[in-house]
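Undergrad: Need a 3D model of the following:
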Amino acid sequence: MGCPSNWLEPIVRVQTLSDTGSPTIPNQYIKPLSEQPSFSIQSDSLKIPIIDLYELINGDTTTQKAIMDQISIACREWGFFQLVNHGIGHELVDEALEVWRGFFHQSMEVKQDYANTPITYEGYGSRLGFQKGAILDWSDYFFLHYLPSTLKNHNKWPSQPPLLRGVTEEYLQEIVRLGKILLKVFSLNLGLQEDHLRGAFGGDDIGACLRVCFYPKCPQPDLTLGLSSHSDPGGMTFLLSDEHVSGLQVRKADEWITVKPVRHAIIVNIGDQIQVLTNGIYKSVEHRVVVNPHKERLSLAYFFNPKSDVLIKPATELVTSTKPTLYEPMTFDEYRRFIRTKGPQGKSQVESLKSPR
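TA: Have a look, this model is predicted:
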């Protein structure tokens, strides 16, 4: 089934629903009991790893190796970690959040000029899948392309606030730099050539995009989610999150761990494509977003992805007689159609790729 040219049912902006002050949410946002936050086992006793990158960037061989080991453990055991001293200026991090918060507080008329369609999702949106009658998430977003440069079009980025385009461009350049560093570290930690994963992604011709998520106040946060449980379909994700309002939760051992963002930290998580490329050594992890009855929340999710038409399959060096190939080859473009059609669906897509035994 291809994408329709327009949404199959009317689009309602969640921010508009929140602004009405209604004490209840519409039925199409109420999740099944098993998915509601109030029916989940949640834990505050575990925390995702926090890794200081300063010595990796500035230290000697010994201290660099120690940080690489921390990253390896985080990738194998968690699939999620927070980076501090990552080399991106604190002022730029603050500005990135500020300009995008400013966009979502523009008038609805201004935002509607950027309304998106299911074809590319680029622009201002309020749903991720296009299936009619789906249970929706309590969030709005803005999605834009960054790489390859042939897809990037600043005219499709908001013109207000005035600094938004320049700040976003500068911030994304820095994230690309950080992404290349991590791909090198991942490759070396796996015993591969340092440029292996970068080459598997398509070399300098990678794909990358940004989804800015806005989670308005919600009068019944126990009944819905800001973003349903899912693993990210791409390579890896760099998340800049509002430090004052927690919302991101990571699933570990059938419990939901609330991530408490460290100021100016970048949260990194492994995506499905790296799980495939590493033959399951690094695993993508289910995560979701809960909403708040009193405060809005904003986050910038930068998706660092393989080139859309490159074939993704496990690295030959990571396939052995005791650990055969786990996944069938597939291009990233073929893979992401699943999410584009159905929206977040746990880890069902990457699990469906497993080779028959």
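
Undergrad: Name the single longest helix found in this structure.
TA: Counting by DSSP state H, the longest helix found in the chain is helix 164-189.

Undergrad: after that helix comes which helix or strand?
TA: Next helix or strand after helix 164-189 toward the C-terminus (DSSP states H and E): helix 196-201.

Undergrad: could you say what helices and strands that following helix packs with?
TA: The contact analysis (3 or more C-beta pairs under 8 Å, 6 or more residues apart in numbering; DSSP states H and E) places helix 196-201 against helix 164-189, helix 272-277. From N, CA and C alone the C-beta is placed, and that goes for glycine too.

Undergrad: Let's see that with 10 Å instead.
TA: In terms of contacts (3 or more C-beta pairs under 10 Å, 6 or more residues apart in numbering; DSSP states H and E), helix 196-201 is packed against helix 164-189, helix 272-277, strand 311-312.

Undergrad: The second one - contacts with which helices or strands?
TA: Contact here means 3+ C-beta pairs under 10 Å, 6+ apart; on that basis helix 272-277 packs against helix 164-189, helix 196-201, strand 297-305, strand 311-312, helix 332-342, helix 348-352.

Undergrad: what's the fourth one in contact with?
TA: To tie it back to what came earlier, the one meant is strand 311-312. Outside strand 311-312, the residues that touch it by C-beta atoms under 10 Å, 6 or more residues apart in numbering are 200-201, 235, 272-277, 306, 327-332, 334-335, 353.

Undergrad: So in that sheet, which strands flank that strand, and in what orientation?
TA: strand 330-331 (antiparallel) (DSSP bridges).

Undergrad: any residues touching the partner strand, and which ones?
TA: Applying C-beta under 10 Å, 6+ apart, the external contacts of strand 330-331 come out as 273, 276, 306-313, 349, 353.

Undergrad: Which among those residues count as buried?
TA: Buried by 16 or more other C-beta atoms under 10 Å: 273, 276, 306-308, 310, 312-313, 349, 353, out of the contacts of strand 330-331.

Undergrad: wait, which of these is closest to E35?
TA: Nearest to E35 among the buried ones among the contacts of strand 330-331: Q349, at 17.5 Å, using C-beta to C-beta.

Undergrad: returning to what we had before: the inter-axis angle of the longest helix of the chain versus strand 297-305?
TA: Orientation check (axes from the mean of the first three to the mean of the last three C-alpha atoms, to 10 degrees): helix 164-189 against strand 297-305 gives 50 degrees.

Undergrad: Report the buried residues of helix 164-189.
TA: Buried residues in helix 164-189 (16+ other C-beta under 10 Å): 164-165, 167-168, 171-172, 174-175, 178-180, 182-189.

Undergrad: Doesn't V268 belong to a strand?
TA: Yes - checked against DSSP: H, G, I helix; E, B strand; the rest coil, V268 lies within a strand.
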